[in-house]
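S.K.: Coordinates for the following, if possible.
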Amino acid sequence: MLFAMVIGMLPSTGAAQAHGTVINPASRAYQCWKTWGNQHTNPAMQQQDPMCWQAFQANPDTMWNWMSQLRDGLAGQFQARTPDGQLCSNALSRNNSVNQPGAWKATNVSPNFTVQMYDQASHGADYFRVYVTKQGFNRATQQVGWGNLDLIATTGRYAPAQNISFNVSVSGRTGGHVLFVIWKASHMDQTYMWCSDINIT
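M.R.: As a prediction, this is how the structure comes out:
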């Protein structure tokens with residue numbers, strides 16, 4: 001029911017701009033938009049959610065276009081063509097604010113949980129690759145690099161649909177971490193990458 005309510009809150013976007021993101025646990029840009037989109041000029045954000053504050057100050061478009069964090073033509077060369085420290089932005093300079101370490105709001109998760117992805121344009125997926133930071137990674141002070149991550153899941157294909165979900169396990173880890181998800185869309189060679197902050201309880 002909660003998932004349906006969240007989807008009902010999503011903005012209407014033209015098909016040319018509509019893509020998707022991980023909405024649970026919320027990707028960084030989506031979390032900022034969901035929490036502050038209707039009050040993005042509220043000065044209280046600076047104290048209550050400093051990472052979203054710096055992101056809105058750097059480029060509000062990062063949050064307004066949270067569906068559009070994509071690159072074309074990577075041909076599966078994700079690591080070779082995405083430098084350390086630029087994973088959370090998918091190496092898009094306009095979204096560099098989401099690469100910054102700090103006190104990002106985190107979603108509480110159990111060691112086994114469900115990732116929910118919203119794909120407004122129903123592109124489908126060739127696969128998802130899901131990574132989580134190693135135990136001891138400090139998301140408050142460290143940018144995410146490939147050496148900080150462990151691959152925990154690679155899914156199969158998903159038919160075109162707006163709502164896609166799959167289960168992952170982060171057992172053996174506790175506390176604050178970053179979940180890093182790669183979505184290889186099936187309609188063309190189009191790749192999305194996002195970071196979601198989680199607290200494993």
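S.K.: Doesn't W36 lie inside a helix?
M.R.: Yes: assessed by DSSP: H, G, I helix; E, B strand; the rest coil, W36 belongs to a helix.
S.K.: Report the contact partners of it.
M.R.: Contacts for W36 (CB atoms under 8 Å, 6 or more residues apart in numbering) come out as N42, M45, D49, C52, F56, M63. No exception for glycine: its C-beta is placed from N, CA and C like everyone else's.
S.K.: Local confidence estimate at N108?
M.R.: Looking at N108, its pLDDT reads 98.
S.K.: May I have the secondary structure class of it?
M.R.: N108 ends up strand, using three-state DSSP.
S.K.: pretty sure it contacts S196?
M.R.: No: using CB atoms under 8 Å, N108 makes no contact with S196, being 12.0 Å away.
S.K.: In terms of neighbours, single out the busier of the two.
M.R.: S196 (26 against 10; other CB atoms under 10 Å).
S.K.: That one bridge partners, please.
M.R.: S196 has the following beta-bridge partners by DSSP bridges: S27, L179.
S.K.: Relative to W104, how far out is it?
M.R.: For S196, the distance to W104 (CB to CB, to the nearest Å) stands at 9 Å.
S.K.: Mutual contacts of the two, please.
M.R.: With CB under 8 Å, 6+ apart, S196 and W104 have common neighbours R28, Q31.
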